[in-house]
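*Asks:* here are the coordinates; sequence isn't available:
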Ligand code: AMP
Ligand code: MG
């Protein structure tokens with residue numbers, strides 16, 4: 001059996017980044033830049049006022065109070081085309097372009113107006129309340145580099161920088177195929193010996209969370225012909241994720257049937273719990289990730305291996321798999337597989353947050369999985385551990401989206 005590091009290495013080294021595509025900047029949230037975003041305009045594009053007040057020549061108002069003649073007005077979007085000469089000023093509002101001749105702003109609270117005679121009561125520093133051209137960034141500057149995952153703030157920045165159509169990595173297209181005679185699609189009529197194919201919908205959501213597009217291509221029955229038939233619908237997808245049928249039970253057909261259909265096997269079986277039976281390979285241009293069917297096993301293996309596959313396709317450098325926490329309760333020794341225990345993660349007064357594994361860890365327990373914040377990772381053969389010991393935790397926070 002492979003270790004998870006070996007399995008992750010195989011996935012990462014086996015999968016190259018996808019081609020790129022152009023999208024409009026307004027659709028860029030969560031997309032991975034394939035090219036740098038370089039400002040085509042400066043921000044602000046010309047000197048503007050940061051306040052409501054009067055645009056003056058600082059040299060005119062060294063001694064205050066001083067009286068100036070107002071000769072015009074510069075509201076945002078309405079530049080005053082005149083020139084502010086000695087003894088003159090212009091009314092100005094936040095965002096209004098600084099008129100030529102003026103060099104500083106006196107805020108309106110420090111003035112008195114009587115007709116077009118303005119009394120300046122406070123002497124401004126040279127350049128006060130003026131945002132010079134390019135204060136934020138100048139045209140030509142590289143603002144966001146290729147490989148960056150666009151945050152909501154980046155989207156605004158790119159638009160301000162003049163970006164319109166931007167080149168990003170195409171989203172991985174993931175086909176999701178559930179297997180099993182006992183499962184039916186959500187909403188379909190059900191016998192008592194059947195269950196809802198929750199994996200069909202959860203996997204679509206996992207794919208989306210990771211920055212990919214997930215499409216359910218239905219359910220294959222536990223018959224070779226049924227699997228073979230469904231496989232045709234995976235054509236053109238970047239990854240086919242199957243759930244169920246991955247182990248060696250009589251009805252577990254994924255490996256044998258796809259083997260006949262040209263599967264080039266990368267690996268099978270990983271020394272982890274949940275998730276031991278796991279198939280990675282490719283059928284032509286489509287990668288295959290064969291996950292176990294128990295919903296928690298499907299979820300945990302998606303969080304680790306589907307994530308790695310999607311990251312490779314998007315050209316994202318992988319972050320650390322785990323962080324440190326302190327155990328919230330005693331644990332017995334661990335066996336021969338790396339164990340991923342569903343756990344609560346809470347802030348604590350100590351140096352690290354506290355991770356408390358749930359009592360029951362059955363891989364069918366979806367309510368506990370949904371209620372978990374992290375997975376406590378226990379090494380192969382780890383001895384019993386005490387509350388307060390440092391452990392590794394995999395946080396279940398993977399969204400590609402950031403504010
Ligand atoms: P398998 O990996 O096919 O042996 O399935 C293991 C367990 O997961 C069985 O109890 C299945 O009923 C369940 N299971 C398999 N596929 C799904 C699915 N798509 N949604 C929910 N549970 C599933
Ligand atoms: Mg099955």
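*Replies:* Okay, I see it. Treat the numbers as computed from the prediction; the structure is a model and nothing was measured. Ligands and ions are numbered 1, 2, ... in the order given.

*Asks:* show me which residues of the stretch 251-400 of the chain sit near ligand 2.
*Replies:* Within reach of ligand 2 by C-beta under 5 Å from the ion, the stretch 251-400 of the chain has these residues: residue 293. For every residue, glycine as well, the C-beta is placed using N, CA and C.

*Asks:* how about the nearest residue to the residue of the stretch 251-400 of the chain found nearest ligand 2, chain neighbours excluded?
*Replies:* The minimum distance from the stretch 251-400 of the chain to ligand 2, using C-beta to the ion, falls at residue 293 (4.9 Å). Among residues not flanking residue 293 along the chain, residue 244 sits closest, at 2.9 Å (C-beta to C-beta, 6 or more residues apart in numbering).

*Asks:* show me the contacts for the one you found.
*Replies:* Residue 244 is in contact with 178, 179, 180, 183, 199, 252, 254, 292, 293, counting by C-beta atoms under 8 Å, 6 or more residues apart in numbering.

*Asks:* got the phi/psi numbers for it?
*Replies:* Recorded main-chain torsions at residue 244 are phi 90, psi 170, according to degrees, to the nearest 10.

*Asks:* do the same with residue 205
*Replies:* Torsion angles, degrees, to the nearest 10, at residue 205: phi -70, psi -40.

*Asks:* and it, how many neighbours?
*Replies:* Applying other C-beta atoms under 10 Å, we find 12 residues neighbouring residue 205.

*Asks:* which residues does residue 169 bridge with?
*Replies:* Judged by DSSP bridges, the bridge partners of residue 169 are residue 20.

*Asks:* please enumerate the helices of the protein.
*Replies:* With DSSP state H as the criterion, the chain has helices at 4-14, 152-160, 198-209, 224-231, 254-260, 295-301, 307-314, 366-371.

*Asks:* winner for burial among those helices?
*Replies:* Of all those, helix 295-301 has the most neighbours on average by mean count of other C-beta atoms under 10 Å, namely a mean of 26.

*Asks:* contacts for that one next, please.
*Replies:* 198-199, 202-203, 206, 243, 274-275, 278, 291-292, 340, 342, 362-366, 368-369, 375.

*Asks:* what about residue 280, distance to ligand 1?
*Replies:* Per C-beta to the nearest ligand atom, to the nearest Å, residue 280 is found 16 Å from ligand 1.

*Asks:* is it true that that residue touches residue 291?
*Replies:* No: using C-beta atoms under 8 Å, residue 280 is not in contact with residue 291, being 9.9 Å away.

*Asks:* who touches both of those two?
*Replies:* By C-beta under 8 Å, 6+ apart, the residues touching both residue 280 and residue 291 are residue 305.

*Asks:* who has more neighbours, these two?
*Replies:* Between residue 280 and residue 291, counted using other C-beta under 10 Å, the more crowded position is residue 291 (28 against 23).

*Asks:* residues contacting that one?
*Replies:* 241, 242, 243, 246, 275, 278, 297, 298, 301, 302, 305, 306.

*Asks:* strands - which of the residues you listed land there?
*Replies:* The strands, defined by DSSP state E, take in 241, 242, 243 from the contacts of residue 291.

*Asks:* bridged to the first one, which residues?
*Replies:* Right, residue 241. Bridge pairing for residue 241 (DSSP bridges) gives the partners residue 176, residue 289.

*Asks:* for it, give me its contacts.
*Replies:* Residues near residue 241 by C-beta under 8 Å, 6+ apart: 174, 175, 176, 177, 203, 207, 289, 290, 291, 302, 306.

*Asks:* list the buried residues for stretch 213-225?
*Replies:* Within stretch 213-225, the residues that qualify as buried are 214, 216, 217, 219, 220, 221, 222, counting by 16 or more other C-beta atoms under 10 Å.
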